[in-house]
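Chemist: next come a sequence and a model predicted from it.
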Amino acid sequence: MPAVSKGDGMRGLAVFISDIRNCKSKEAEIKRINKELANIRSKFKGDKALDGYSKKKYVCKLLFIFLLGHDIDFGHMEAVNLLSSNKYTEKQIGYLFISVLVNSNSELIRLINNAIKNDLASRNPTFMCLALHCIANVGSREMGEAFAADIPRILVAGDSMDSVKQSAALCLLRLYKASPDLVPMGEWTARVVHLLNDQHMGVVTAAVSLITCLCKKNPDDFKTCISLAVSRLSRIVSSASTDLQDYTYYFVPAPWLSVKLLRLLQCYPPPEDAAVKGRLVECLETVLNKAQEPPKSKKVQHSNAKNAILFETISLIIHYDSEPNLLVRACNQLGQFLQHRETNLRYLALESMCTLASSEFSHEAVKTHIDTVINALKTERDVSVRQRAADLLYAMCDRSNAKQIVSEMLRYLETADYAIREEIVLKVAILAEKYAVDYSWYVDTILNLIRIAGDYVSEEVWYRVLQIVTNRDDVQGYAAKTVFEALQAPACHENMVKVGGYILGEFGNLIAGDPRSSPPVQFSLLHSKFHLCSVATRALLLSTYIKFINLFPETKATIQGVLRAGSQLRNADVELQQRAVEYLTLSSVASTDVLATVLEEMPPFPERESSILAKLKRKKGPGAASSLDDGRRDASSNDINGGVEPAPSTVSTPSPSADLLGLRAAPPPAAAPAPASAGNLLVDVFSDGPAAQPSLGPTPEEAFLSELEPPAPESPMGLLADPAPAADPGPEDISPPIPEADELLNKFVCKNNGVLFENQLLQIGVKSEFRQNLGRMYLFYGNKTSVQFQNFSPTVVHPGDLQTQLAVQTKRVAAQVDGGAQVQQVLNIECLRDFLTPPLLSVRFRYGGAPQSLTLKLPVTINKFFQPTEMAAQDFFQRWKQLSLPLQEAQKIFKANHPMDAEVTKAKLLGFGSALLDNVDPNPENFVGAGIIQTKALQVGCLLRLEPNAQAQMYRLTLRTSKEPVSRHLCELLAQQF
């Protein structure tokens, strides 16, 4: 950069700044500024022969006045004129003024763009850097359109200086973040990735930032960066501090670049190349080893740089979740930080261990630090650290330590900060329910929760305990006895009265034999709380009283007296008045048999997802799902609370912020729930799946199909149905599908669950199930921002003739979606006849006042209605010959796009919907399948044969069906999966 000469000191500017600082009042400052503005205006208008130095000085004064908070409405043209100067200082001031003051809609943009083009073409590295900095600082779409094609060429040009490459990379990154569609990276991708091998570390650092951003949208295009990043990281990690002297920060070689490389690697799964993976594992081990070495400096900068690399390394190890040795070592390293004197390190260690606790490899290692974490919960001064400690206790909890952790969290709850009490309450309630072996302990825990933090016990918590007590015969007597004793306390929280009123009203007869809890005593105890409660609780107690009349006839006269009292019959609240009148009449008029029928015990509740867990997910917001509902737990906890044992999961553990909805890992297939009377608790209470209805006789398949049958219009259910809005937009009213819609659809051809779409605002998750020609799909819309979505309206559109081929019944969703929350939409689907195009999902909403809309292809393809069919080899070949017409067969020979793994291929074919037939094809390497596509109009038989050629890395796929369009369509769908 050119040296600034003495003449560039601009004494006039220094004097003006000094005058402003010496002003005694605001009025004096404004007077001095107005005087200077008048002088500058006269200079610009009067003297046409101002030299470059004077222009620069006056433009600097205008810039200073603007920074003081005053409006500047002239001088812009003079600043643009400075851009044409050949002096660095004048050009620099011109670019500075434009970057700060010129609006992107200014009429001068065209002149500015011309000056920038001249500087970019000048090959003067200093001028090129100034121009690139200006483009990045303004970052408008107009500038992006003007220069997006030129900047990649400058970035990869062989004759560009290192400083220019750095500026070009960061400028391109800025433009990409502002307008991703303007940056054409297709032809430059390989050469940009090759910058990771550049000798200049500054260029590599800038290139890593750019590639990290680009690969998040197009990971496959930048996949070659993995080996280069590992190679560069290996050279840095294995180097001594003297090898990279210019980039060594307090004895730590290139810490910023190391962190960026580690973050880049977290965008991809573990390397497939064994040599690259081995080298990376060696790098990670080296970082962990260096963390054990004594520090080379006592300065905080040294420890900060060293720990930054260490924590990013641990994040990468957690992301891969495939190296048990590294995971355990990372856990032990984090354990050393739990008692570190630095608060930030303790916080980071607790946060990282929360994620480690969800890995099957490191869960046991995390549990060894339970005493330290409990101590942190008790003694930490910082509330955020205490909250992370509570999160970690929740994450490390399993059946072996549940009682210890729950008791410690209950003890902490008595002194916990008010901001996190509700969250602690929810976690205790979830853990108590999930790991309850003795349900008397569960009841005691929830009642303790209400006693300690009644104001923070939400309705979901005490609703849940009522559901569980109602569904379990073996705990009802104990619950009645315990809640009766709790109500005897002088100060009793209203939530305790609600729980007591419900349980005693249902099961008070189980403890009525004890004189200390006789029916009159129970009634007197409850009624003593009546006048202290809210209207809602009084209404519940009135229902309890009428239940008492049925359970304990001896209390009838007393309770009728209470109901007949003027305070009830003439109550100002219409709900209480109506209940008192109706209950009094019912108890007086109805016979004993009628009363027993009307007031019989509540039936068991249907099995469904725990509402407590759903509330905790909403409260935690984005990124919480993966830590709240993970697939890892020891085998002993698989069948807890009547849950079914999940299938082994091979999905790697996501990073803490990887998933808003927790839908990326497919949940285990749910078994049919047992009848509620069997005494089981709510089946799979922590499943993310939809609520399952109890089976009362029909087979699981019959129950499923009957559930999906749309209600008849004249039936009561038809009147209560919540159909899709009548004014759904047609295909002509919605925007075309987004460019990647086909790619997103292809991901769901062989699976039913996952994330359909995600950007910085919205995440859309899908869970679906299909039987015969019917299906049900759950769409989860997650707001990833902190701002509420307004006018949120997702609609399903049938393009072309699809309306006659596929019937989709949708349910309305809330028009507002709070920040960090999610809403669910249910779709009932019926396949009327074979179809080729999927329905469209149009999502419209307003974010920050701006309308947003996107259109996706709904993952409903014809193969979803496959019914797998088993058949012997003889039957298969007989049917194969019957489907021998040319139009009935579709065949495709194509190159493998993914590694040819037999197990993966088998899983994809099963996911596609067909049954795999063993010992049918003479070549054991080939795959043969059969199935029937179920539609309402007809059934379409389908046979398939997949022949892999590992040497040529090719496949030949042959499909035969009874309908030509179906053959071709299925062949296209399935070929894209390999």
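Modeler: Right, received. Where do you want to start? Numbering: from 1, shown residues only.

Chemist: point out where the stretch 51-200 of the chain drops to low pLDDT.
Modeler: Within the stretch 51-200 of the chain, the stretches with pLDDT under 70 are 104-105.

Chemist: can you pull out the helices in it?
Modeler: Listed in chain order, the helices of the stretch 51-200 of the chain (DSSP state H, counting those that start in this stretch) span 52-67, 76-82, 88-101, 109-121, 125-138, 141-147, 150-156, 162-178, 189-193.

Chemist: got TSV for the ones you listed, with mean neighbour count and distance to Lys864 too?
Modeler: The way it works is simple: take the backbone N, C-alpha and C, and place the C-beta from them, glycine included. Formatted as TSV, those follow (neighbours: other Cβ atoms under 10 Å; distance: least, Cβ to Cβ, whole Å):
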stretch	mean neighbour count	distance to Lys864
helix 52-67	19	61
helix 76-82	20	61
helix 88-101	21	54
helix 109-121	18	51
helix 125-138	22	47
helix 141-147	19	41
helix 150-156	20	42
helix 162-178	22	37
helix 189-193	17	35
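
Chemist: select, out of these, the one closest to Phe757.
Modeler: Phe757 lies closest to helix 162-178 among the helices of the stretch 51-200 of the chain, at 19.6 Å (Cβ to Cβ).

Chemist: who are the packing partners of the helix or strand hosting Ser352?
Modeler: Per DSSP states H and E: Ser352 is located in helix 343-356. Counting contacts by 3 or more Cβ pairs under 8 Å, 6 or more residues apart in numbering; DSSP states H and E, helix 343-356 packs against helix 300-320, helix 324-337, helix 363-367, helix 370-379, helix 383-396, helix 625-628.

Chemist: pull the number of nearby residues for Asp438.
Modeler: By the criterion of other Cβ atoms under 10 Å, Asp438 has 11 neighbours.

Chemist: same deal with Val183?
Modeler: Residue neighbour count, defined by other Cβ under 10 Å, stands at 21 for Val183.

Chemist: OK, contacts around the closest residue to it other than its chain neighbours?
Modeler: Counting by Cβ to Cβ, 6 or more residues apart in numbering, Tyr176 is the residue found nearest to Val183 once chain neighbours are left out, at 4.5 Å. Counting by Cβ atoms under 8 Å, 6 or more residues apart in numbering, Tyr176 touches 182-183, 210, 213-214.

Chemist: run the last query once more with 10 Å
Modeler: Neighbouring residues of Tyr176 by Cβ atoms under 10 Å, 6 or more residues apart in numbering: 144, 148, 182-183, 185, 210, 213-214, 217.

Chemist: if we can go back for a sec, now render the helices and strands packed on helix 343-356 as a markdown table, adding mean pLDDT and mean neighbour count.
Modeler: A markdown table is the format used below for the helices and strands packed on helix 343-356 (pLDDT from 0 to 100; neighbours: other Cβ atoms under 10 Å):
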| stretch | mean pLDDT | mean neighbour count |
| --- | --- | --- |
| helix 300-320 | 91 | 21 |
| helix 324-337 | 90 | 20 |
| helix 363-367 | 89 | 20 |
| helix 370-379 | 89 | 17 |
| helix 383-396 | 90 | 22 |
| helix 625-628 | 43 | 22 |
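
Chemist: with distance to Ile154 added, can I get those helices in a markdown table?
Modeler: Shown next, in a markdown table, are these (distance: least, Cβ to Cβ, whole Å):
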| stretch | distance to Ile154 |
| --- | --- |
| helix 300-320 | 30 |
| helix 324-337 | 40 |
| helix 363-367 | 49 |
| helix 370-379 | 52 |
| helix 383-396 | 45 |
| helix 625-628 | 41 |
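
Chemist: and these: which comes nearest Ile112?
Modeler: Among the helices and strands packed on helix 343-356, helix 300-320 comes nearest to Ile112, with 38.8 Å by Cβ to Cβ.

Chemist: may I have that closest one exported as PDB, CA atoms only?
Modeler: What follows is helix 300-320, C-alpha atoms only, in PDB (Å, rounded to 0.1, in the frame of the first residue of the first chain):
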ATOM      1  CA  VAL A 300      -5.000 -15.700  28.000                       C
ATOM      2  CA  GLN A 301      -4.600 -15.200  24.200                       C
ATOM      3  CA  HIS A 302      -2.600 -18.500  24.000                       C
ATOM      4  CA  SER A 303      -5.200 -20.500  26.000                       C
ATOM      5  CA  ASN A 304      -8.100 -18.900  24.000                       C
ATOM      6  CA  ALA A 305      -6.500 -19.900  20.600                       C
ATOM      7  CA  LYS A 306      -5.600 -23.400  21.800                       C
ATOM      8  CA  ASN A 307      -9.100 -24.000  23.300                       C
ATOM      9  CA  ALA A 308     -10.900 -22.700  20.200                       C
ATOM     10  CA  ILE A 309      -9.200 -25.300  18.100                       C
ATOM     11  CA  LEU A 310      -9.900 -28.000  20.700                       C
ATOM     12  CA  PHE A 311     -13.600 -27.300  20.900                       C
ATOM     13  CA  GLU A 312     -14.000 -27.100  17.200                       C
ATOM     14  CA  THR A 313     -12.200 -30.500  17.000                       C
ATOM     15  CA  ILE A 314     -14.600 -32.000  19.500                       C
ATOM     16  CA  SER A 315     -17.500 -30.600  17.500                       C
ATOM     17  CA  LEU A 316     -16.200 -32.400  14.500                       C
ATOM     18  CA  ILE A 317     -15.700 -35.700  16.500                       C
ATOM     19  CA  ILE A 318     -19.300 -35.400  17.700                       C
ATOM     20  CA  HIS A 319     -20.500 -34.600  14.200                       C
ATOM     21  CA  TYR A 320     -18.900 -37.800  12.800                       C
END
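
Chemist: ok and that helix relative to helix 324-337, angle-wise?
Modeler: Inter-element angle recorded for helix 300-320 and helix 324-337: 140 degrees (by axes from the mean of the first three to the mean of the last three Cα atoms, to 10 degrees).

Chemist: so which elements touch helix 300-320?
Modeler: Helices and strands touching helix 300-320, by 3 or more Cβ pairs under 10 Å, 6 or more residues apart in numbering; DSSP states H and E, are helix 225-237, strand 248-249, strand 252-253, helix 255-265, helix 274-292, helix 324-337, helix 343-356.

Chemist: ok so, going back, output the helices of the stretch 51-200 of the chain in CSV, with distance to Thr585 appended to each entry.
Modeler: Formatted as CSV, those follow (distance: least, Cβ to Cβ, whole Å):
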stretch, distance to Thr585
helix 52-67, 79
helix 76-82, 84
helix 88-101, 79
helix 109-121, 80
helix 125-138, 77
helix 141-147, 72
helix 150-156, 82
helix 162-178, 69
helix 189-193, 80
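
Chemist: how about those helices, which one is nearest Gln825?
Modeler: When these are compared (using Cβ to Cβ), the closest one is helix 162-178, at 31.0 Å.

Chemist: then the closest one to CSV, C-alphas only?
Modeler: Extracted C-alpha coordinates of helix 162-178, given in CSV (Å, rounded to 0.1, in the frame of the first residue of the first chain):
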residue,chain,number,x,y,z
ASP,A,162,-2.5,-12.6,-3.1
SER,A,163,-4.1,-9.6,-1.5
VAL,A,164,-6.5,-9.3,-4.5
LYS,A,165,-7.4,-13.0,-4.2
GLN,A,166,-8.2,-12.5,-0.5
SER,A,167,-10.4,-9.5,-1.3
ALA,A,168,-12.1,-11.2,-4.2
ALA,A,169,-13.0,-14.3,-2.1
LEU,A,170,-14.5,-12.2,0.7
CYS,A,171,-16.3,-10.0,-1.8
LEU,A,172,-17.8,-13.0,-3.5
LEU,A,173,-18.8,-14.4,-0.1
ARG,A,174,-20.6,-11.1,0.7
LEU,A,175,-22.5,-11.1,-2.6
TYR,A,176,-23.4,-14.7,-2.3
LYS,A,177,-24.9,-14.1,1.2
ALA,A,178,-26.9,-11.1,-0.2
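
Chemist: what's the angle between that helix and helix 109-121?
Modeler: 140 degrees.

Chemist: how far is helix 162-178 from where the chain is centred?
Modeler: 30 Å (Cα atoms, centre = their mean, to the nearest Å).

Chemist: quick revisit: for the helices and strands packed on helix 300-320, give me a markdown table that also has distance to Gln760.
Modeler: Converted to a markdown table, these look like this (distance: least, Cβ to Cβ, whole Å):
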| stretch | distance to Gln760 |
| --- | --- |
| helix 225-237 | 22 |
| strand 248-249 | 32 |
| strand 252-253 | 32 |
| helix 255-265 | 17 |
| helix 274-292 | 29 |
| helix 324-337 | 29 |
| helix 343-356 | 22 |
